[in-house]
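K.L.:
I'd like to go over a predicted model; first the sequence, then the structure.
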Amino acid sequence: MPEEKEKKSKYSALAEKLTYKNESIWLSLSHAEEKQFENLASEYIDFIGKCKTEREAVLYFTEKARLLGFSDITTFKGKVSPGDGFYWNFRDKNLALVKIGDDFNFTKGLNIVAGHADSPRLDLKQNPLYEDTEIAFLKTHYYGGIKKYQWLNIPLSLHGVVVLENGKKINLNIGENESDPVFVISDLLPHLSHKIQGDKKIGEAVSGENLVVIVGSRPVKDNSIKEKVKLAVLEHLYNNYGIKEEDFISSEIQVVPALKPREVGFDRAIIGAYGHDDRVCSYLAANSLLSGESVKKTSVALIMDKEEIGSVGSTGTDSLFLHHLYTMIGSLFENNGQVSLGAIRQAFLNSSCISSDVAAAINPPYKQVHDIQNAAKLGYGVAITKYTGSGGKSNANDADAEMVGRIRNLLNSHKIPWQYAMLGKVDEGGGGTIAKFVAYYGINTIDAGVPVVGMHSPYELISKADLWATSRFYNTFFAEFN
């Protein structure tokens, strides 16, 4: 019997030493730590409720950077010292926040945490307004991967900009204040939907062309006008904003859920909101750089655009934006303001990047789509993802083992809760991030971010504990990674 007891003890110790395991953050939290992440959660809820578009997120952090004394990198003239901060607001779509490192050596590379602030949504078409059966509608085109049926019969708001005929830019934000109207895409009642929707696959039951937003039903009182309700809407837009119908053509107006972020569950451990993907990681990246102290290497927090549609265009990561940014940063280190291509190349090759994007957390009723052994769970910490992609790792960034090892050591040495994650079973589907576009420049890149349940829906869920763990990771990465 003593031998049996000794054997169990020996193998228990061996299992403790050799097996990979993690546990819920909630089981080991101190009172002080809980207070920390409740404060962080409160600040984040305020941000995610205010900033429902990439423009709003970029302007939010641009203003915050200015108030903290960061300088506009495009107009700066003068001598640079360690600890100095700079920002580059590019077309109100992208934002780079830069902090000069203590080593003051550009060619040693940069430490980057890069997220994106665009989220799946509906965009108004450029000629959107029409009337049918005395109801006025706005036509939309969906942006990114959505389940169309999720956008029916929920309160919606309009956010964006309209450039008028005279060049003046009008900012719109209608539907968020309690005194504002909201807008709705109406679904077909179940009593009459069997033939039109009932026998179709869920992805085909709602047509993209039927995602039209109700914006009015009160006509002007003039029988000589054919489309009385449409004219009433135009009259309202002109009287309140100076907008004519043609002005829609030079506009970017997004239709987003008019839902407030809220704490979810009796224990308030989960935050429900629109746009966690990926404004939660963009928020943590920017906030970590702005609120942190000195950094060893020059560090950058990036908020990018267009990730949800392939990182395309001049504001997507699949552009020369990073090259332009490195040129600007390198120029700060040179007395004549000129930096060589050789120095830029060295800086690229010596840089490291956290592609700061959310991970798919297990949704228990549908856990069959996950390889549980390689899936993220709410409340288990920041999710590290070596590779994304689909169909044989197609279009993936695949971080090398050395980079993964360095990140593991950083997390473990600082006792930051983390977990490994990949996006579903091998043949189930997949997706990508901005990581592959950053890695294109030779920058060592890995995905790491907050796990999300209900990703790409109008109301996504994250854990406060994961928010806190990811914040700690980004802070530590900026401060110490070398």
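P.N.:
Structure received.
K.L.:
Contacts only, for the residue most central in space within the chain.
P.N.:
A centroid search over the chain (Cα atoms, centre = their mean) returns residue 278, at 1.4 Å, as the residue closest to the centre. If a contact means Cβ atoms under 8 Å, 6 or more residues apart in numbering, then residue 278 has 115, 116, 117, 118, 119, 307, 356, 357, 358, 449 as its contacts. Bear in mind the C-beta positions are built from the backbone N, C-alpha and C, glycine included.
K.L.:
Out of these, grab the one that's most surrounded.
P.N.:
residue 356 (35 neighbours; other Cβ atoms under 10 Å).
K.L.:
secondary structure class for the residue nearest to the centre of the chain?
P.N.:
helix (DSSP: H, G, I helix; E, B strand; the rest coil).
K.L.:
now it: how far from residue 326?
P.N.:
23 Å (Cβ to Cβ, to the nearest Å).
K.L.:
Going along the chain, name the helices of the stretch 301-450 of the chain.
P.N.:
321-332, 341-349, 401-413, 435-439 (DSSP state H, counting those that start in this stretch).
K.L.:
Would you reformat these as a markdown table and include mean neighbour count, distance to residue 218 and mean pLDDT?
P.N.:
Compiled in a markdown table, the helices of the stretch 301-450 of the chain are given as follows (neighbours: other Cβ atoms under 10 Å; distance: least, Cβ to Cβ, whole Å; pLDDT from 0 to 100):
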| stretch | mean neighbour count | distance to residue 218 | mean pLDDT |
| --- | --- | --- | --- |
| helix 321-332 | 20 | 46 | 96 |
| helix 341-349 | 16 | 58 | 97 |
| helix 401-413 | 14 | 58 | 97 |
| helix 435-439 | 23 | 48 | 96 |
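K.L.:
between these, which one is nearest to residue 211?
P.N.:
helix 435-439 (29.3 Å; Cβ to Cβ).
K.L.:
picking that back up, out of the contacts of residue 278, flag the one nearest to residue 396.
P.N.:
residue 357 (12.8 Å).
K.L.:
Not counting its neighbours along the chain, what's nearest that closest one?
P.N.:
In space, and not counting its chain neighbours, residue 357 is closest to residue 433: 4.2 Å by Cβ to Cβ, 6 or more residues apart in numbering.
K.L.:
mind listing what the nearest residue in space to residue 326 that is not next to it in sequence touches?
P.N.:
Excluding the flanking residues, the one nearest residue 326 by Cβ to Cβ, 6+ apart is residue 344, at 5.2 Å. By Cβ under 8 Å, 6+ apart, the residues touching residue 344 are 323, 326, 327, 330.
K.L.:
Quick check: the gap between residue 344 and residue 93.
P.N.:
On the measure of Cβ to Cβ, residue 344 and residue 93 end up 23 Å apart.
K.L.:
so what's residue 124 bridging to?
P.N.:
residue 140 (DSSP bridges).
K.L.:
ok, it - how many residues close by?
P.N.:
21.
K.L.:
got it, and residue 190?
P.N.:
Residue 190 - counted by other Cβ under 10 Å - has 9 other residues nearby.
K.L.:
For the residue nearest to residue 326, give its distance to residue 104.
P.N.:
For residue 344, the distance to residue 104 - Cβ to Cβ - is 17 Å.
K.L.:
With residue 375 instead?
P.N.:
Counting by Cβ to Cβ, the gap from residue 375 to residue 104 is 42 Å.
K.L.:
ok, those two, which is more surrounded?
P.N.:
residue 375 (22 against 14).
K.L.:
wait, what's in contact with the closest residue to the more buried one other than its chain neighbours?
P.N.:
Nearest residue to residue 375 in three dimensions, chain neighbours excluded: residue 362, at 5.2 Å (Cβ to Cβ, 6+ apart). For residue 362, the contact set (Cβ under 8 Å, 6+ apart) comprises 370, 372, 375, 376, 377, 378, 453.
K.L.:
at 6 Å instead, please
P.N.:
370, 375, 377 (Cβ atoms under 6 Å, 6 or more residues apart in numbering).
K.L.:
ditto for residue 454
P.N.:
Contacts of residue 454 (Cβ under 6 Å, 6+ apart): 460, 461.
K.L.:
any idea how far it is from residue 321?
P.N.:
30 Å.
K.L.:
ok so, going back, and the residue nearest to residue 375, what's its pLDDT?
P.N.:
Residue 362 is assigned a predicted lDDT (pLDDT) of 97.
K.L.:
Let's verify the closest residue to residue 482 other than its chain neighbours: helix, strand, or coil?
P.N.:
Closest residue to residue 482 apart from its sequence neighbours, by Cβ to Cβ, 6+ apart: residue 296 at 5.6 Å. Assigned by three-state DSSP, the conformation of residue 296 is coil.
K.L.:
residues touching residue 296, list them.
P.N.:
Neighbours of residue 296 in contact, by Cβ under 6 Å, 6+ apart: 101, 102, 482.
K.L.:
Distance of it relative to residue 346?
P.N.:
17 Å.
K.L.:
same question, residue 324
P.N.:
17 Å.
K.L.:
doesn't residue 289 make contact with residue 475?
P.N.:
No - applying Cβ atoms under 6 Å as the test, residue 475 and residue 289 come out as separate, 8.8 Å apart.
K.L.:
between these two, which one's more packed in?
P.N.:
Relative neighbour count places residue 289 above the other of residue 475 and residue 289, with 25 against 20, counting by other Cβ under 10 Å.
K.L.:
Look up the closest residue to that one, ignoring the ones flanking it.
P.N.:
residue 301 (4.0 Å).
K.L.:
Just grab the bridge partners of the one you found for me.
P.N.:
residue 97, residue 113.
K.L.:
Kindly report the same for residue 85.
P.N.:
Residues in beta-bridge contact with residue 85 (DSSP bridges): residue 99.
K.L.:
Quick check, pLDDT for it.
P.N.:
For residue 85, the model assigns a pLDDT of 97.
K.L.:
that older thread, next one: the residue nearest to residue 289 from residue 214, what distance?
P.N.:
Distance, residue 301 to residue 214, using Cβ to Cβ: 39 Å.
K.L.:
So these two - more neighbours on which side?
P.N.:
residue 301 (30 against 15).
K.L.:
Verify the contact between residue 257 and residue 273 for me.
P.N.:
No - Residue 257 lies out of contact with residue 273 (Cβ under 6 Å); the separation is 9.1 Å.
K.L.:
any weak-confidence spans in the stretch 1-150 of the chain?
P.N.:
In the predicted model, the stretch 1-150 of the chain carries pLDDT under 70 at residues 1-8.
K.L.:
any idea where the helices of it begin and end?
P.N.:
2-18, 31-50, 54-67.
K.L.:
quick one, which of those helices is nearest to residue 150?
P.N.:
helix 31-50 (18.2 Å).
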